[in-house]
Every structure is written in C-alpha cells, then in structure tokens.
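# curious how this folds, go ahead:
(one chain, ligands or ions: 1)
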Amino acid sequence: MKLLTGNSNKNLSKKISKYLKSKLINSSIRKFADGEIYIEINENIRGNSIFIIQSISSPANDNLMELLLCIDALKRSSAKNITAVIPYFGYSRQDRKVVPRTSISAKLVSNLITKAGADRVVTVDLHAGQIQGFFDIPVDNLFATPIFARHIKKNLKRSNFICVAPDVGGTERARALGKILDCGIAIVDKRRPAPGKSQVMNVVGYVKNKTCIIVDDIIDSGGTIINSAKALMEKGAKEVHVYVTHGVLSGEAIKKIGESEIKKLIVTDTIDNQDKIKKASNIEILTISNLMGEAIKRISNSTSVSDLFK
Ligand code: R5P
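Residues are numbered from 1 along each chain as shown. Below is the predicted model of the structure:
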C-alpha cells in the first residue's frame, strides 16, 4: 500500500502518512505556462495499491482536475488498484435538480472519478448519503461525529444540551450526535431565496435555556449557521456552539463568525484553511487524520470500516 498526495491538503496528507508510518510517493505536480496541470510519478508503483489523497476544495476546478490526472497517471503506471481519498467532496451540493434546467454536478464528478480509473472512493460526511449511489464502485463515507462528540464531552459543561440541525437536510446528522450525547434535537426551518442566501423561517423544538450544539457538513459563507445561531438566541437559548466537518469559509465568513452570536465554531482539517483560521479567536480545528488513516489501514487489510463508528 502506498500514499500519494495532491496539492489541495498536503498538511492532512502528511499527518495521515505519519499515522500509517508510510511515506508519501515521490511525485511532481507542475503547471504549464498556460495553467494546464502536469503530473509525474517519480518511483515505481507497479502492482501496488495506491491511495491518492486530494480534497476538491478551492480552487475546486484545479483540485478536481489534479485528482483526475493523478488517477490517470497511477492507472498508466500499472497500479494494482486506486483509491481516491477525498476528504472534502466538492461539487456535492448540486445533487439533484432543485429548479429546472440545472446540472447535477455531484453525478458528473462521480462519473469523472470513475472514468479516470478509481476503484474505490473514501470521503468524509458527504453532503447527501445518496451520492454513494452515483458511483458504481465502493464508496466509504466516514463521519466526523465521534470526533465532535469526544470534543464536546471534554470541553463543554454537560448541562441541558440540545443538538440542532440548521436545515431539514441535517436532521440525521443532529440525531446521530444527539444519540451519542443522549440529548434531544431541534431543527431550523431554513429557506434559500437565492444561491448563497439563507433565511430562517422558524425553529422546531424547545431551546430555551439550553446549550445548543449546531452540527452541519459544510460552512461556506457562514449565512446558514450565523442566522441559525441568531434565531436560537432569540428563542432563549443559553449559548450556541457549532461543529462543522468542512470549513469552506469563503469570503468574509471568518470575520462574520467573529462578530456573531456563536460562542465557538469547530471545524475539521478536511480543507486546509489553517492560515486563514489561525487569527480567529472563536474557531478551532480538529484533525481528521487518525480517523482517515485508520480507515485506509482497514481498507488495505480488508477489515471493517463501519466498526470504526460502533
Ligand atoms: C446546505 O445544505 C449545507 O449543509 C450547508 O448548510 C451550506 O452549504 C452552508 O452554506 P453557507 O455557509 O454559505 O450558508
């Protein structure tokens, strides 16, 4: 088994490689003067099982293309099998036609990855579990919930918790965390009047005097979470803590979170935003590296991945 990293999140790749005590493959990823990507694998990988680690994070188009070209280079170098380890699966938010005449990017990206030559995909907190079905190869969808639960148990005073889904789509995630923390859930009725804009219509559940723990897969502009936190505080919540797997954090998100009612935002390192986040006083990063490393080890040894979440 060997590991290859793309350029999107080398810090996470290094941590996974340390966990697995396995060096990263010697490779060069360069660009031609016009921006085209050029990949070269600088060591023999014939007959090896290769795990290529690459998030489809910003710049999403470059990182996606880099992933596809890496898979192609591995296939043409006679790798025995190729697993695309995609900590953040970008383009996953368009997973169906919400209005007529739009694309379904999650399906197109799944086709591209399969067609490039991947034999398996490992990812974390897919925006919608059904995206697994867009592939005709095995997909292991890992969850950050146990990492979040450990952090909550260690850092928050255990009193009157309620897990909150910031939209109806996040109900299952809130329920899973609520089950571990042995508390109830609330749901924010969110509407999107236009892409990138969110509006809270109502809060379903009783949050008065409770410590609210919002859990979500993605924080991008921050609108969903900031508006949810505001609505919860208006309904009498004691305080709001937020746990999000993928810290996309575009534009002014970090500044807006600093000025919001959110006591603390926790994200994982599926996206490498360390430099942007380090100045923010109310944002913390938890690493997902050991969980991903362990999943890779289990896939490589043909042992159970789902046992990690029991
Ligand atoms: C939406 O369904 C997702 O789960 C996130 O809630 C959403 O992508 C967050 O976007 P933003 O931070 O821009 O509101």
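# what's in contact with the helix ranked longest in the chain?
Counting residues, the longest helix in the chain under DSSP state H turns out to be helix 60-76. With Cβ atoms under 8 Å, 6 or more residues apart in numbering as the test, helix 60-76 has contacts from 4, 6-8, 27, 29, 37-41, 45, 50, 52, 54-57, 82, 84, 86, 90-91, 109, 112-113, 116-118. In short, each C-beta sits where N, CA and C put it, glycine included.
# let's see it at 7 Å
Applying Cβ atoms under 7 Å, 6 or more residues apart in numbering, the contact partners of helix 60-76 are 4, 6-8, 29, 37, 39, 41, 45, 50, 52, 54-57, 82, 84, 90-91, 109, 112, 116-118.
# buried subset of those residues as a ChimeraX selection?
Command for ChimeraX that selects the buried part of the contacts of helix 60-76, burial taken from 16 or more other Cβ atoms under 10 Å:
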select :4,6,7,8,29,37,39,41,45,50,52,54,55,56,57,82,84,90,91,109,112,116,117,118
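# okay, and which of the contacts of helix 60-76 map to helices?
Using DSSP H, the subset of the contacts of helix 60-76 located in helices is Val109, Leu112, Ala116.
# closest to Gly236 out of these?
Nearest to Gly236 among the ones in helices among the contacts of helix 60-76 is Val109, at 42.1 Å by Cβ to Cβ.
# pretty sure that closest one contacts Tyr91?
Yes. Counting by Cβ atoms under 7 Å, Tyr91 is a contact partner of Val109 at 4.6 Å.
# residue ranges with poor pLDDT in the stretch 101-250 of the chain?
By pLDDT under 70, the stretch 101-250 of the chain contains no weakly predicted segment.
# contacts only, for Gly236.
Gly236 touches Val207, Lys208, Asn209, counting by Cβ under 7 Å, 6+ apart.
# the last one and Phe161 touch, don't they?
This means Asn209. No. Using Cβ under 7 Å, Asn209 makes no contact with Phe161, being 11.6 Å away.
# more crowded one of these two?
Per other Cβ atoms under 10 Å, whichever of Asn209 and Phe161 has more neighbours is Phe161, with 19 against 10.
# which strand residues bridge that one?
Thr211 (DSSP bridges).
# quick one: the strands in the stretch 101-250 of the chain, in order.
Ranges of strands in the stretch 101-250 of the chain, per DSSP state E, counting those that start in this stretch, are 120-124, 139-142, 161-165, 184-194, 197-204, 211-219, 239-247.
# and those strands as CSV, adding distance to Arg101?
Formatted as CSV, the strands of the stretch 101-250 of the chain follow (distance: least, Cβ to Cβ, whole Å):
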stretch, distance to Arg101
strand 120-124, 28
strand 139-142, 28
strand 161-165, 30
strand 184-194, 16
strand 197-204, 20
strand 211-219, 24
strand 239-247, 28
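# show me the one of these that comes nearest Ala253.
Of all these, strand 211-219 comes closest under Cβ to Cβ, at 6.8 Å.
# next, see if that closest one gets close to the ligand.
Yes. Using Cβ under 6 Å from any ligand atom, strand 211-219 reaches the ligand at Asp216, Asp217, Ile218, Ile219.
# so what's Asn7 closest to, chain neighbours aside?
Here the nearest residue to Asn7 in space, its sequence neighbours aside, is Ile29; by Cβ to Cβ, 6 or more residues apart in numbering that works out to 5.7 Å.
# show me what the one you found is bridged to.
Legend: beta-bridge partners of Ile29 under DSSP bridges are Ile39.
# just the pLDDT at it, thanks.
With respect to pLDDT, Ile29 scores 96.
# roughly how far does it sit from Glu43?
As judged by Cβ to Cβ, to the nearest Å, Ile29 and Glu43 stand 14 Å apart.
# likewise for Pro166?
Relative to Glu43, and taking Cβ to Cβ, Pro166 is found at 45 Å.
# with Arg76 instead?
Arg76 is 14 Å from Glu43, by Cβ to Cβ.
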